[in-house]
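[1] Below are the sequence and a predicted model for it; my questions follow.
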Amino acid sequence: MSNIKLIPVLLTVCLVTSVSILYSVHNFKSKSEKYDFPYKTQIAEAACDKGYTEVLIEGLADARKVSLKGLNVSDVEVRRFSEKCHKQIKKSYKIIEHEKTALLNEVISKMKPFTYAGLPYEAFVIEDEMINAFTVAGGKIYFTTGILAFFENDDELATVMGHEIGHNENGHCIEYLKKMKFWEEYLPEMEIWDIKISEMATNLEDLLTISFNQEDEKCADYCGVYLTYKAGYDPEKGKDIFAKFRKLENNSNREATDLFFRSHPYSEDRYFCLKEYLEMAEKNALRGKKPQKSVDQWLCEHKKTVLAFLILGVLASAFFFWTTVVKSREKNGWAIISTLLYTGSLIYVLSLPCFNFDLNLKSKPGNDGKIAVEKNGTVKTQGGRLILREKPTQKGKELTRMPINSKLYCSFCCCDDEVDGRNGKWCWVKYKNYEGYAWGWFIQLSE
């Protein structure tokens with residue numbers, strides 16, 4: 001009989017403990033951060049396919065990627081290249097132990113938990129008045145004394161550091177290494193009009209093997225502000241470094257050809273692009289922020305778990321009440337209290353609106369998860385294009401890509417999913433002659 005008496009006690013302890021844990025987790029998750037970035041350190045290619053400017057020579061970027069697809073670079077080659085570059089830099093410049101060397105590596109240590117490439121990132125300071133920072137394959141990052149003096153705060157420093165890490169995280173340094181390997185090993189013996197490519201590649205190689213292109217810089221900028229924020233710095237202040245860079249540039253004559261042949265976009269473009277990106281991330285965070293819920297709302301959120309515990313508690317308490325009070329004629333206050341407690345709790349929970357048991361619910365029209373929209377809308381993704389798919393999943397066949405600000409018509413939204421860490425729905429849209437599913441987060445509906 002003593003073992004039987006423990007049943008309601010154990011059930012009560014389990015119920016209180018489970019509810020406390022779930023409620024604590026709920027409260028922890030409901031504390032939204034200031035920014036909800038669409039991407040982390042590894043940026044989707046679609047977000048950078050347009051870069052900061054229109055592609056002036058159609059297909060050149062794609063052709064360059066295709067030409068390097070067959071090339072592979074081993075980890076050993078990356079390490080050798082990294083050491084070779086480091087030795088060359090030491091010969092050409094003076095690497096010093098600067099007062100901010102420790103700070104640079106401290107910033108790296110704060111950012112590293114949020115990286116994925118698994119590289120041994122390390123920072124070095126070059127004694128040079130030039131305002132510059134760069135990285136090479138393998139994770140070595142170099143800052144000049146000129147740029148360290150140019151920084152007004154640690155937020156700017158962190159933004160540039162995150163940018164350089166972004167080049168490694170997104171494989172830009174490996175792509176550069178592949179380009180070098182391509183020119184050195186594959187092209188020297190090729191001829192065009194009886195002239196060896198190795199003899200005519202001087203200018204072309206400068207174009208195709210520049211460290212990074214404008215699309216790469218955009219990806220690295222996105223990564224930079226993300227890592228700046230996650231490392232505990234202010235990306236709003238950090239982005240101001242590009243406003244300062246802008247003053248150093250001559251923006252009075254921005255010819256389209258000059259823009260194309262630049263490896264880096266103009267700082268003015270980068271500043272405003274990051275400004276828009278941060279604004280979007282802040283709006284995403286506000287949209288995803290969940291207000292503190294009442295107890296009733298929380299019970300409805302976890303109704304299956306709560307209902308299972310209460311039914312089990314009622315059955316156990318009723319059994320305990322029957323064996324002690326009814327059958328054995330004992331005066332057991334705990335049996336009466338536990339039975340009333342569980343029964344009352346079950347009645348209260350079942351009275352909540354969310355516990356509306358309708359056996360024909362699934363067969364009723366309009367309850368298949370669809371939300372009727374029937375509105376015009378526009379694509380609001382930043383920089384890249386919104387993919388229209390055949391099925392409501394990221395693995396669905398791609399039908400077409402819709403540029404930013406494209407007009408579309410949204411019929412309905414359905415199919416809960418999680419894309420890039422954000423919960424949402426897929427929407428059935430009509431775009432030109434296409435119909436299919438697009439991720440709802442990047443659709444701005446008309447009022």
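    Perfect, thanks for sending it.

[2] Longest strand in this protein, please.
    Longest strand in the chain, counting residues (DSSP state E): strand 407-419.

[3] Check which strands are paired with that strand and give the direction for each one.
    Sheet partners assigned to strand 407-419 using DSSP bridges are listed as strand 371-379 (antiparallel), strand 422-431 (antiparallel).

[4] what does the average pLDDT come to for the first one?
    To tie it back to what came earlier, the one meant is strand 371-379. Strand 371-379 comes out with an average pLDDT of 86.

[5] Just after that strand, pick out the following helix or strand.
    Per DSSP states H and E, the first helix or strand lying C-terminal to strand 371-379 is strand 386-389.

[6] Report the strands that pair with the helix or strand following that following strand, each with its relative direction.
    Using DSSP H and E, the helix or strand that follows strand 386-389 in sequence is strand 398-402. Note on strand 398-402: by DSSP bridges, its sheet partners are strand 386-389 (antiparallel).

[7] List the buried residues of the partner strand.
    Within strand 386-389, the residues scored as buried using 16 or more other Cβ atoms under 10 Å are L386, I387, L388, R389. Backbone N, C-alpha and C define where each C-beta goes, glycine included.

[8] thinking again about what came up before, which residues sit against the longest strand of the chain?
    Contact with strand 407-419 is made by 368-379, 392-394, 402, 423-431, 437-441, 443, 445, as judged by Cβ atoms under 8 Å, 6 or more residues apart in numbering.

[9] Per-residue pLDDT of G70, please?
    62.

[10] ugh, typo on my part, it should be G366
    36.

[11] Repeat that for I443.
    87.

[12] Could you double-check that it sits in contact with N376?
    No. Counting by Cβ atoms under 8 Å, I443 does not reach N376; the two are 10.3 Å apart.

[13] More neighbours: the two, which one.
    Neighbour totals were compared for I443 and N376, and I443 leads with 22 against 13 (other Cβ atoms under 10 Å).

[14] nearest residue to that one other than its sequence neighbours?
    Sequence neighbours aside, G377 is the residue nearest to I443 in space, at 4.9 Å (criterion: Cβ to Cβ, 6 or more residues apart in numbering).

[15] lowest-confidence helix or strand of the chain?
    helix 197-208 (a mean of 40; mean pLDDT, DSSP states H and E).

[16] following that helix, which helix or strand shows up next?
    Per DSSP H and E, the first helix or strand lying C-terminal to helix 197-208 is helix 214-230.

[17] what packs against that following helix?
    On a contact count with 3 or more Cβ pairs under 8 Å, 6 or more residues apart in numbering; DSSP states H and E, helix 214-230 meets helix 45-48, helix 154-169, helix 172-181, helix 235-238, helix 267-288.

[18] That one - what's its average pLDDT?
    The average of the pLDDT scores along helix 214-230 is 90.

[19] So what angle separates the directions of that helix and helix 172-181?
    150 degrees (axes from the mean of the first three to the mean of the last three Cα atoms, to 10 degrees).

[20] in helix 214-230, what counts as buried?
    Neighbour count says helix 214-230 has 214-230 buried, by 16+ other Cβ under 10 Å.

[21] what about dumping the CA coordinates of it to CSV?
    The C-alpha trace of helix 214-230 is given here as CSV (Å, rounded to 0.1, in the frame of the first residue of the first chain):
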residue,chain,number,x,y,z
GLN,A,214,32.4,42.2,-56.6
GLU,A,215,30.1,39.3,-55.9
ASP,A,216,32.6,37.9,-53.4
GLU,A,217,32.9,41.2,-51.7
LYS,A,218,29.2,41.4,-51.2
CYS,A,219,29.1,37.9,-49.6
ALA,A,220,32.1,38.8,-47.4
ASP,A,221,30.4,42.1,-46.3
TYR,A,222,27.2,40.1,-45.3
CYS,A,223,29.4,37.7,-43.3
GLY,A,224,31.3,40.6,-41.7
VAL,A,225,28.3,42.3,-40.1
TYR,A,226,26.9,38.9,-38.9
LEU,A,227,30.2,38.0,-37.2
THR,A,228,30.5,41.5,-35.8
TYR,A,229,27.2,41.2,-34.1
LYS,A,230,27.7,37.6,-32.9
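
[22] Next, the angle from it to helix 267-288.
    Following the same axes, to 10 degrees, one obtains 50 degrees for the angle between helix 214-230 and helix 267-288.

[23] now helix 214-230 against helix 154-169, angle please.
    Counting by the same axes, to 10 degrees, helix 214-230 lies at 130 degrees to helix 154-169.

[24] Count residues in the vicinity of D416, would you?
    Applying other Cβ under 10 Å, we find 11 residues neighbouring D416.

[25] who's it bridged to?
    K425.

[26] What would I type in PyMOL if I wanted to highlight the buried members of the contacts of strand 407-419 and nothing else?
    Buried residues among the contacts of strand 407-419 (16+ other Cβ under 10 Å), as a PyMOL selection:
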select buried, resi 373+377+378+379+392+402+424+425+426+427+428+429+431+437+438+439+440+441+443+445
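
[27] Any chance of the backbone angles for the closest residue to F143 other than its chain neighbours?
    Sequence neighbours aside, A133 is the residue nearest to F143 in space, at 4.8 Å (criterion: Cβ to Cβ, 6+ apart). As for A133, its main-chain torsions (degrees, to the nearest 10) stand at phi -150, psi 140.
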